[in-house]
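>>> Output the structure for:
(2 chains)
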Amino acid sequence: MKTLRNIVFIFLCGCALAARAQESVITIKKPAARVIPIAITGFTGEVNAVLKFDLSVLGMETTAPDKADYLISGTANGRLEGRLNQGGTGGAIFARAYSSGSARSQAHAFADDIAKAILETPPIFHSRIAFCRKEGGSTEVWVADFDGNGPMQMSRDASLVATPSWAPGGRKLFYTSWQNGSTQILEHDVATGARKVFAGYGGASFNPVVSPDGSKVAMILSKSGSPNLYTCDINGGNLSQLTRGRDEASSPTWSPDGREICCVVRSGHATLRKISVNGGESRELRAGGPTIYGNLTSPDWSPDGKKIIFTCGSGTFNICLVPAEGGDAESLVAGEDPCWAPNSRTVIFTRRVNHNRVLSLLDVPTKHVENVGQLSGSCSQPAWAR
Amino acid sequence: MKTARLLSVFFAGAALILGSAGCQHRPVATTQIPDREAATPKSPPPTADNTITSGGTGLPEKPPVIPGELIAENTNGPWAGVIANNNEDREKFKADTVYFDFDSATIKKNENQKLEEVANFFKNNTEDALRVEGNCDERGTEKYNLSLGERRALAVREYLANLGVDSRRVVTVTYGAAKPVDPGHNESAWKKNRRGELILLTPKR
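Okay, here's the model as predicted:
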């Protein structure tokens, strides 16, 4: 009897242990949102290509009309007439004509309206990006449409540049330049080409980021003896040191309300921290999870304030997402240096492909990736004008 | 006898400890990089190009850079001149390039001797200055590497300060991972790229 009781006891303990072990290894992986099947008919050439690309950037996939959730149709001959209908029933959602601007611009406008109707997202398809492009041993700053159309060279210094960043409104660019031998932050008027040195303190001055309301600039300066986070007014005054000490800071990003900055601090290894623009102690932004590894770097705060996208890894890199208040983070796709579009849904980032750099567009909910195929050469460090 | 021996050892030890405490070398935590005061620039600033052009077409060949209010002028101190205007010698301290471990800005013990040689040179050559260029391998994001490269250059500057080289003679530049000496994609290349290069700056005569 005693032996049996012991056996039963051991058996029950074993079950309990197995049950507990089972609980602790459950990993909940968030499934990607469903790709939306659409059909595009009636358009040809450039308009067709633009519609297809724009909507695929938002995680929509073209398919045959009988399999599509939505039917996009119309004509374009100088003036675009477009219709969005439900798949299946064919019920009308909207019909609109677009007559101003180029055929490309009309297609972008139609795509923005489709995105608004189906996904309720704000428009992004007329927006622009800035990035660094390798030219032999130098790098230069370029701007282009978000899809890479119409690239224009901004700097011509035959030197190095890095970290381009837009002032809100898309008329001014700030970037790091080595054109005078050490790092300085330049302010560059995109329309006129006029430039000035915005910050060139003793030591290094790099990684400028303009606040969402345009009133301040965050940057990294090493004048204190270590690379630290500073802010100043958009006119250069009121320089304020936010991080102190030996742990080096990098890649600041502003909260949409301009009250906080999230940046990277390397203390041993690199983690994300948040600090008030009024100074004080920084606090860690918890961003852990089973798919997060290595250094956490290059954060960007979404315009709607809800999420922070960043890079994890050392050697190989992943684009990762965490709620803005911190919490469980998840890896989305391979890549680095993400930057949000104004819709807080699309992200432009860099991929290393055969050791070249390629700009790509990520749809965060579906994890669908499209390359910015119109750009040639090695392009990196993209910034989306917001 | 035994007690006397013990006592003498004790006093000898105490003397040593007290003696060394008096000569204690206090390491410099970080070395401030002095603010540069506004000073008359050596050459007149380039004239502003006020041509209004639509974005892209008609941009001037080399967009002018107009010194803004925050521009760093020459570093304060006796070496301001040579820092602003110098002959560069990249060969002098080539053998003293300092190498770093992955993701680290710590000066390793086996790099000490190089920096002692450099410090000795500067003791004997009082007019010269130094530029330290910090570099990284490609296994970090570019923004991260800019900071790490600067931290490496500053680590060398701090170490030299401990050896008596006035920090006002040493300027730092970071290149992130933009200037590899070896374009390879393996550890043999990466370890050559994780470096602080020392460039001698001598006054132009």
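
>>> Contacts only, for the closest residue to B:Glu111 other than its chain neighbours.
Nearest residue to B:Glu111 in three dimensions, chain neighbours excluded: B:Val98, at 4.9 Å (C-beta to C-beta, 6 or more residues apart in numbering or on different chains). Every C-beta, even on glycine, is put in place using the N, C-alpha and C of the backbone. Listed by C-beta atoms under 8 Å, 6 or more residues apart in numbering or on different chains, the contact set of B:Val98 reads B:Ile107, B:Glu111, B:Lys114, B:Leu115, B:Arg152, B:Val156, B:Arg195, B:Gly196, B:Leu198.

>>> Next, the second one: phi, psi?
When read as degrees, to the nearest 10, the backbone of B:Glu111 gives phi -100, psi -10.

>>> Tell me the strands beside the helix or strand hosting A:Val347, with direction?
Here A:Val347 sits within strand A:346-353, counting by DSSP states H and E. According to DSSP bridges, strand A:346-353 has the following sheet partners: strand A:336-340 (antiparallel), strand A:356-363 (antiparallel).

>>> Deepest in the core, which of those strands is it.
Neighbour counts (mean count of other C-beta atoms under 10 Å in any protein chain shown) averaged over each of those peak at strand A:336-340, with a mean of 25.

>>> Save the contacts of B:Val98 as JSON lines, and put in secondary structure, pLDDT and neighbour count too.
JSON lines is the format used below for the contacts of B:Val98 (DSSP: H, G, I helix; E, B strand; the rest coil; pLDDT from 0 to 100; neighbours: other C-beta atoms under 10 Å in any protein chain shown):
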{"residue": "B:Ile107", "secondary structure": "coil", "pLDDT": "96", "neighbour count": "20"}
{"residue": "B:Glu111", "secondary structure": "helix", "pLDDT": "92", "neighbour count": "19"}
{"residue": "B:Lys114", "secondary structure": "helix", "pLDDT": "96", "neighbour count": "20"}
{"residue": "B:Leu115", "secondary structure": "helix", "pLDDT": "97", "neighbour count": "21"}
{"residue": "B:Arg152", "secondary structure": "helix", "pLDDT": "96", "neighbour count": "28"}
{"residue": "B:Val156", "secondary structure": "helix", "pLDDT": "96", "neighbour count": "30"}
{"residue": "B:Arg195", "secondary structure": "strand", "pLDDT": "98", "neighbour count": "22"}
{"residue": "B:Gly196", "secondary structure": "strand", "pLDDT": "98", "neighbour count": "27"}
{"residue": "B:Leu198", "secondary structure": "strand", "pLDDT": "98", "neighbour count": "26"}
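
>>> Tell me where the model's unsure across the chain.
You didn't pick a chain, so chain A it is. In the predicted model of chain A, residues A:1-30 satisfy pLDDT under 70.

>>> wrong one, chain B
B:1-76.

>>> What segments of it are helices?
Remark: helices assigned in chain B by DSSP state H are B:2-22, B:80-84, B:112-124, B:142-162, B:187-193.

>>> Alpha carbons only: can I get the shortest one in PDB?
As requested, C-alpha coordinates have been extracted for helix B:80-84 and formatted as PDB (Å, rounded to 0.1, in the frame of the first residue of the first chain):
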ATOM      1  CA  ALA B  80      44.900  76.400 -31.400                       C
ATOM      2  CA  GLY B  81      47.000  77.600 -34.300                       C
ATOM      3  CA  VAL B  82      48.500  74.300 -35.300                       C
ATOM      4  CA  ILE B  83      45.200  72.500 -35.000                       C
ATOM      5  CA  ALA B  84      43.600  75.000 -37.400                       C
END
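
>>> Could I get the contacting residues of B:Asp101?
Contacts of B:Asp101 (C-beta under 8 Å, 6+ apart): B:Lys108, B:Arg194.
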